[in-house]
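In: What follows is a predicted structure for the sequence shown.
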Amino acid sequence: MAQTAAIIGGGVIGGGWAARFLLMGWDVQVFDPDPDARRKIAEIVGNARRSLPGLSDVAAPAEGKLTFHATMSAAVKGAIWIQESVPERRALKRKVYQSMQEFCDPDAVIASSTSGFKPSELQGCATRPGQIIVAHPFNPVYLLPLVELVPSDANPPEFVDRAAHILTDIGMHPLRIRAEIDAHVADRLLEAVWREALWLINDGIATTAEIDDAIRYGFGLRWAQMGLFETYRIAGGEAGMRHFIEQFGPCLQWPWTRLTDVPDLTDTLIDRIADQSDAQSGAVSIRDLERIRDDNLVTILRGLKARDWGAGALLNAHDRRVEGAVTLPDDLSQPIPTMARAVPLDWTDYNGHMTEARYLHAFGEATDRMMHLIGCDADYIAAGRSFFTAETHIRHLAEAHAGTVIRIDTQVLAAAGKKMHLFHRMYADDRLLATGEHLLIHVSLETRRACDPEPALAAVLERIAAAHAGLPYDGAGKAVGVKG
């Protein structure tokens, strides 16, 4: 049974939370008096459906149910997580908490998306102060994993642990802030850069586009995968961080920045910033910019995932939690499910559909899974034995687009001696997209020559082949050629 989250306030951040929970299998109940809330959230969820599943290499949970409610009391009913994302006005937030605590489960987590307020400031006047905590995310919430989890002395440790567990379960990284502080941690760092950028524009040193270039073509790329201190540790060379500080520390005394001051946001400066931003990006709609942003983030995150580094390591760990233990099904009378996932953005080509190379990639993943299921796992391969593919034939029968949920079922056509003959079928729902026929040979990794598999593995493979012997295999044994 799906768990339920309530979203109070459906703007950019609230909509992002709704999309994150929804695509992680939670039912989501929304309250927002804005008459356009349904449209706005539908557009955000649409973007999330297109991008978020592409971060995962395992089957995503079934999408939850999204409902909108006319009252806050109805929206919070039955929810175990309530995310408040109303405007940044303390009095308004406190009023919201007082209202929702009349109707919500007393054990539910009430989390605020606030960028700056401390939890103790929000808990004042609350019926149950210990139920309220700060969970500050970053936009887009459905892609970026960081969430600053900020408790106060009123929050029991076990409550904070439960909140962190829920956030981890939906693929996020809860950064537990040690002590309350205005604007938490990440926004304080962002504001330092923001203040300096305002001075650079105010003083005519750089434009909005030039400042963005300085970040996205330079240190922003380093920060994306290593952060600040790890980056500077490398900058210190073999002597490390101590040498870096000794070398560059004195610069902190020089008048390089104006972090202790900020220019007056006069109409003139605001107009200058707005005009430069319009010139920089005004030709592209906000929705198109969001999709460009999402595409870029998915590409960066998947690159980090391939290296199992930074946020990519976090995504891999989440995949492992979702996938769980990999075992053969009890019923071997039908083709075996060997892969289920969404088509990532970077698997598509100029035609807008999955590239032919990615069909082979997907069938390769299914083959790897089949090898694992029969016992050719990491330990078996480490012991010096594996399977090599000798021949492959793929039929492309229908298109698959970014975000399409595909699955592969695998049939063992033959298992004789050193040979394993597999037939994969790729589906989107019940639509057959492609088939892949693969002949593999068992080899010794030491000699790189064919050899017999271990008896235990051979027995499992032969048992599956016998169970599949009576199954149809239309499309297997085909060859490329011109029909007469």
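Out: Yep, that arrived. Numbers count the residues shown, from 1 in each chain.
In: use CA for all of it now, contacts and neighbours both
Out: Will do.
In: So residue 155: helix, strand or coil?
Out: In three-state terms, and counting by DSSP: H, G, I helix; E, B strand; the rest coil, residue 155 is coil.
In: Skipping its backbone neighbours, what lies nearest it in space?
Out: Among residues not flanking residue 155 along the chain, residue 130 sits closest, at 4.3 Å (C-alpha to C-alpha, 6 or more residues apart in numbering).
In: likewise residue 257?
Out: residue 196 (6.6 Å).
In: Hmm, residue 263 and the one you found touching each other?
Out: No: the criterion here is C-alpha atoms under 8 Å, and residue 196 misses it with residue 263 at 9.4 Å.
In: Just the residues contacting stretch 131-139, thanks.
Out: Stretch 131-139 is contacted by residues 12-13, 16, 106-115, 118-119, 122-123, 144-152, 155, 159 when judged by C-alpha atoms under 8 Å, 6 or more residues apart in numbering.
In: What of stretch 179-189?
Out: Contacts for stretch 179-189 (C-alpha under 8 Å, 6+ apart): 115-119, 148, 150-152, 177.
In: ditto for stretch 80-100
Out: Here stretch 80-100 has contacts from 3-11, 13-14, 17, 72-73, 76, 105, 107-115, 117, 121-127, using C-alpha under 8 Å, 6+ apart.
In: Would you map out the domains in this structure?
Out: Domain assignment for the chain, taken from automatic domain parsing, gives 4-184, 187-283, 326-468.
In: These: lowest mean pLDDT?
Out: Mean pLDDT values for the domains of the chain show the minimum at domain 187-283, a mean of 86.
In: Which stretches in the stretch 151-300 of the chain count as helices?
Out: Along the stretch 151-300 of the chain, counting by DSSP state H, counting those that start in this stretch, helices occupy 157-169, 186-202, 208-214, 220-226, 229-235, 240-248, 267-281, 286-306.
In: could the ones you listed go into JSON lines alongside distance to residue 339?
Out: Listed next are the helices of the stretch 151-300 of the chain as JSON lines, based on distance: least, C-alpha to C-alpha, whole Å:
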{"stretch": "helix 157-169", "distance to residue 339": "22"}
{"stretch": "helix 186-202", "distance to residue 339": "38"}
{"stretch": "helix 208-214", "distance to residue 339": "40"}
{"stretch": "helix 220-226", "distance to residue 339": "29"}
{"stretch": "helix 229-235", "distance to residue 339": "36"}
{"stretch": "helix 240-248", "distance to residue 339": "44"}
{"stretch": "helix 267-281", "distance to residue 339": "40"}
{"stretch": "helix 286-306", "distance to residue 339": "18"}
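In: Of these, give the one that comes closest to residue 457.
Out: helix 286-306 (29.3 Å; C-alpha to C-alpha).
In: Check which residues of the closest one are buried.
Out: For helix 286-306, burial by neighbour count (16 or more other C-alpha atoms under 10 Å) applies to 291, 294-295, 297-302, 304-305.
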